[in-house]
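Chemist: Sequence plus the predicted model coming up.
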Amino acid sequence: MDKGVLIRTYRKQQGMKQDDLAVGICTTSYLSRIENNLVTATEEVYALLFQRLGKVYEDVQHAHDEMVQALEAVYQALVDDKPLDDAQLALLTTKTTAALYTMQQLIYARYLTREQQFTQAEAILKTIGQPPFTKNRLTTLYIGVTTYYQLSTGAYESILVTDKQENAQRYFSRTQSYEQAIYLYHVAFAAHRHYQFSLAAQYIEKAITLFTHRYRPLFQLKLYSMKGVILAARNRFDEAMVEYTAGVELLEAVPAIATNKQWASIFNNMAFCFEQQKRYKEASYYYQKSLQAWDDVHTMINYLRTLVFSGDVIKAKELQQQEHKAFTAEHHQHQWALLAALLHQTSATQATFQAQEEPAMKAICAAKHKELILHYAPKLAEIYGEWHQYKKMAYYYQLAYKTSEELRVHD
């Protein structure tokens, strides 16, 4: 319990000066240091200060502990991706003590992030600010919540910088191993999205080690999937499929987590693994299974890309003409335009094709979507080569080579 903050809050609420509160108990300067958490007083001094403020110290401590337990239960539900009931939601928005305000607001920001209310979550995090990092609960909450927020908003580099500069892992040494594993999983995710595959592999292995023998099947599924994605990014495709297969078996064994969205996710990952190997038949099969489970625009674009690259023009045109959900990422729009250009390039003029593909590829390059660059650059080089536009051909081959080398260095 942040007793100093509570004492200062109660004193100011009553319009009492420090001299009046301290007299007969301690010096005014000592009280000031208590209120600013510069010293820890004896239990007797705390009890006397609370008594003068008209508060029973034991009652204050008990109420505080009950609130902490309730907030921790809400945070655990969020970490486990469980819905919150009305009482839990009310707990996050009702006025609380100054000592618990930061904890409550951090957990509320975690909830808002899960609900994709990023503007509100960001406002709370900015208002709170970064506390001094020490081995206490507030620090681990702050790191856990901000990491989740940054991951959700694509600020992958920020996560890696904080972990490296602050050695953030060490602050979780007193938390449950499950919570440590979640943090490491998030850092692994960020490292993968930042194309640091070797680093991602290190973090996911640490997360798996810490999580061993905990029965939380949904998080176990995430570990299988994340490890598979990292292995596939490192061209270790057979090992990746072992992880994905384990995920499928887990979904079959635990109906409670076998939602359409989870099935779609694992099938999409399997499809992408085959697509990376240019095994387009298998990739198409699993992209279709993914879309049958969950109508997702990201998977739809992946499937369209596979059809275009495999030369299945009829199916590709049929898919492109279907209604689809709104694009959820900027690269979706650019890929859609690029795939349309590739799909119709045989009937388009060279100038028309170039006018369509160049803005899309520039945007993809500017956003540093390296895996997408490796998908499209060789294909574009091949097309320009057929048209005897050797300068453009050389540019895209060089772009593919440079990008491949950047990924190799990171790995």
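Modeler: Now that the structure is in, tell me what you want to look at. Numbers count the residues shown, from 1 in each chain.

Chemist: List the contacts of the residue nearest the centre of the chain.
Modeler: Centroid-nearest residue in the chain, with CA atoms, centre = their mean: L151, separated by 2.9 Å. Neighbouring residues of L151 by CB atoms under 8 Å, 6 or more residues apart in numbering: 159, 186, 189-190. Where C-beta positions appear, they are placed from N, C-alpha and C, glycine not excepted.

Chemist: which two in these are spaced the farthest apart?
Modeler: The largest separation in the contacts of L151, counting by CB to CB, is between I159 and F189 at 8.5 Å.

Chemist: So for those two, which sits in the more crowded spot?
Modeler: In terms of neighbours (other CB atoms under 10 Å), I159 is the more surrounded of I159 and F189; the figures are 25 against 22.

Chemist: Excluding chain neighbours, give the residue nearest to the residue nearest to the centre of the chain in space.
Modeler: Of all residues not flanking L151 in the chain, H186 sits nearest, at 5.3 Å (CB to CB, 6 or more residues apart in numbering).

Chemist: Tell me the spacing between that neighbour and T9.
Modeler: H186 sits 34 Å away from T9, going by CB to CB, to the nearest Å.

Chemist: Okay, now the unreliable bits of the chain?
Modeler: Across the chain, residues meeting the criterion (pLDDT under 70) sit at 1, 213, 410-411.

Chemist: longest helix of it?
Modeler: The residue-count maximum for a helix in the chain (DSSP state H) belongs to helix 57-79.

Chemist: Counting by contacts, list what it packs against.
Modeler: Judged by 3 or more CB pairs under 8 Å, 6 or more residues apart in numbering; DSSP states H and E, helix 57-79 is in contact with helix 43-52, helix 86-93, helix 98-114.

Chemist: And the contacts of it?
Modeler: 1, 6, 43, 46-47, 50-51, 83-84, 88, 91-92, 96-97, 99-100, 103-104, 107, 110-111, 114, 141, 179, 182.

Chemist: What subset of those is buried?
Modeler: By neighbour count, with 16 or more other CB atoms under 10 Å, these hold 1, 6, 46-47, 50, 84, 88, 91-92, 96-97, 99-100, 103-104, 107, 110-111, 114, 141, 179, 182 as buried.

Chemist: picking that back up, what about the residue nearest to the centre of the chain, which SS state?
Modeler: At L151 the chain is in helix, as set by DSSP: H, G, I helix; E, B strand; the rest coil.

Chemist: and what of Q116?
Modeler: coil.

Chemist: Pretty sure L251 sits against A264.
Modeler: No - L251 lies out of contact with A264 (CB atoms under 8 Å); the separation is 10.9 Å.

Chemist: Can you give me the first-to-last residue distance of stretch 288-306?
Modeler: 11 Å (CA to CA, to the nearest Å).

Chemist: what's the offset of it from the middle of its chain?
Modeler: Its chain's average C-alpha position is 22 Å from that of stretch 288-306, according to CA atoms, centre = their mean, to the nearest Å.

Chemist: Now the residue sitting furthest away from the middle of the chain: phi and psi?
Modeler: Residue distances from the centre of the chain (CA atoms, centre = their mean) peak at G24, which lies 53.0 Å from the mean C-alpha position. Backbone dihedrals for G24, given as degrees, to the nearest 10, come out at phi 80, psi -10.

Chemist: which SSE is the nearest residue to Y303 once chain neighbours are set aside in?
Modeler: What sits nearest to Y303 in space, not counting adjacent residues and going by CB to CB, 6+ apart, is Y287, at 3.7 Å. Using DSSP states H and E, Y287 sits within helix 280-293.

Chemist: and that helix, what does it pack onto?
Modeler: Where contact means 3+ CB pairs under 8 Å, 6+ apart, helix 280-293 is packed against helix 260-276, helix 297-310.
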